[in-house]
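Chemist: here is my input, please return the structure:
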Amino acid sequence: MFEPDAVGDYARKLRDQFDAEGFAPGYLLRMDMRRSGIQPQDALPAFRRHFAGFPVASRIAIVTESAIARMQVRREMTQPYLRIFARAETALNWLLRGDATERAASR
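Modeler: Residues are numbered from 1 along each chain as shown. A predicted model of the protein is given here:
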């Protein structure tokens, strides 16, 4: 769980890692949140502020078994290319299946 003032440092570290790894807009993202709790309500505006302008993924797969976490993700992350899964393997299959489908369509 994040305190509001810790979100900025987390976002900067994540952005630095994305840049170092060469990520570019259109990447595939799987977020395994099975060990994460829901975020406090006062931290959510900090997430919105610090992640605005972050490189845009082409698909996002969230992994969580928590019904409450699912509700929070659906409320905060409204991208139409986002899906929520209970299992990491299923999420990865969805991500890669979409990538293969898009590559085949562009041929």
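
Chemist: residue ranges with poor pLDDT in the protein?
Modeler: The model of the chain has pLDDT under 70 over residues 99-107.

Chemist: show me where it has strands.
Modeler: For the chain, the strands defined by DSSP state E cover 28-32, 59-63, 82-85.

Chemist: residue 9: which of those is closest?
Modeler: Nearest to residue 9, of all these, is strand 28-32, at 18.3 Å by CB to CB. C-betas here are computed from N, CA, C, even on glycine.

Chemist: what sits against residue 63?
Modeler: 30-34, 84-88, 91 (CB atoms under 8 Å, 6 or more residues apart in numbering).

Chemist: residue 49 too?
Modeler: Contacts of residue 49 (CB under 8 Å, 6+ apart): residue 7.

Chemist: now it: how far from residue 70?
Modeler: As for residue 49, its distance to residue 70 is 23 Å (criterion: CB to CB, to the nearest Å).

Chemist: still on that earlier bit, can you list the contacts of residue 63 in JSON lines and add distance to residue 23 and neighbour count?
Modeler: Putting the contacts of residue 63 into JSON lines (distance: CB to CB, whole Å; neighbours: other CB atoms under 10 Å) gives the following:
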{"residue": "30", "distance to residue 23": "13", "neighbour count": "17"}
{"residue": "31", "distance to residue 23": "14", "neighbour count": "17"}
{"residue": "32", "distance to residue 23": "17", "neighbour count": "14"}
{"residue": "33", "distance to residue 23": "19", "neighbour count": "18"}
{"residue": "34", "distance to residue 23": "23", "neighbour count": "13"}
{"residue": "84", "distance to residue 23": "22", "neighbour count": "18"}
{"residue": "85", "distance to residue 23": "21", "neighbour count": "20"}
{"residue": "86", "distance to residue 23": "26", "neighbour count": "12"}
{"residue": "87", "distance to residue 23": "24", "neighbour count": "11"}
{"residue": "88", "distance to residue 23": "20", "neighbour count": "13"}
{"residue": "91", "distance to residue 23": "18", "neighbour count": "23"}
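
Chemist: wait, what's in contact with residue 4?
Modeler: 40, 42-43, 45-46.

Chemist: quick one: which of those is nearest residue 21?
Modeler: Set against residue 21, the nearest of the contacts of residue 4 by CB to CB is residue 46 (23.9 Å).

Chemist: if anything else comes up later, I'll come back, but that's it for now.
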